[in-house]
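Peer 1: no sequence for this one, just the structure:
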């Protein structure tokens, strides 16, 4: 097993290496060389079926991996994604949103999960999706609206986040 930590070492060149009480290792630090996370929202309802949801209000985009609704993994690792949306209770209908991954070098989008809301008369018709994915560098992730309308009335009802949990840059 490879140690995936950086060792902090203090060197005092004024003491002999065999000096009593000499501290050589003072700690370890977990390392993520590529900080990556985003938070995005819609500013209006979206209803174009079979298309990537184009989140038009990006609040945070550390690492610049999220562009026009598509996330592109900057490094190999484990990533977490979460989405929550609202179905329009005034004109309720079924809403389906899928989370898909396009592996680097391919043109196919692989489904990884789906959020679903049925039409109804409840006050709030929310739907959510959470996923932890192992991605390779340059894999892409999108939310695809499959059916219905993601409702947004300007009150920040729609949320989409993603972040790098752990990086797999070192060989195993």
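Peer 2: In hand now; what should we look at? Predicted, not measured: the structure shown is a model, and the values here were computed from it.

Peer 1: what are the bridge partners for residue 117, then?
Peer 2: residue 95 (DSSP bridges).

Peer 1: for it, list the residues it contacts.
Peer 2: By Cβ atoms under 8 Å, 6 or more residues apart in numbering, the residues touching residue 117 are 85, 87, 94-95, 125-127, 148. Where C-beta positions appear, they are placed from N, C-alpha and C, glycine not excepted.

Peer 1: cool, and residue 73?
Peer 2: Under the criterion of Cβ under 8 Å, 6+ apart, the contact list for residue 73 reads 36, 65, 79, 135-141.

Peer 1: same check on residue 84?
Peer 2: 126-129, 158-159.

Peer 1: closest to residue 109 out of those residues?
Peer 2: Within these, proximity to residue 109 (Cβ to Cβ) peaks at residue 129, which comes in at 15.3 Å.

Peer 1: helices or strands next to the helix or strand hosting the closest one in the packing?
Peer 2: Using DSSP states H and E, residue 129 sits in strand 126-135. Taking 3 or more Cβ pairs under 8 Å, 6 or more residues apart in numbering; DSSP states H and E as the contact definition, the neighbouring helices and strands of strand 126-135 are strand 77-86, strand 95-102, strand 110-117, strand 140-147.

Peer 1: in JSON lines, list those along with distance to residue 14.
Peer 2: Supplementary listing: the helices and strands packed on strand 126-135 in JSON lines, determined by distance: least, Cβ to Cβ, whole Å:
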{"stretch": "strand 77-86", "distance to residue 14": "41"}
{"stretch": "strand 95-102", "distance to residue 14": "55"}
{"stretch": "strand 110-117", "distance to residue 14": "57"}
{"stretch": "strand 140-147", "distance to residue 14": "53"}
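
Peer 1: need those strands in a markdown table with mean pLDDT and distance to residue 54, can you?
Peer 2: Putting those into a markdown table (pLDDT from 0 to 100; distance: least, Cβ to Cβ, whole Å) gives the following:
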| stretch | mean pLDDT | distance to residue 54 |
| --- | --- | --- |
| strand 77-86 | 95 | 14 |
| strand 95-102 | 96 | 13 |
| strand 110-117 | 93 | 17 |
| strand 140-147 | 96 | 10 |
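
Peer 1: and of those strands, who's closest to residue 56?
Peer 2: Closest among those, once you apply Cβ to Cβ, is strand 140-147, at 13.2 Å.
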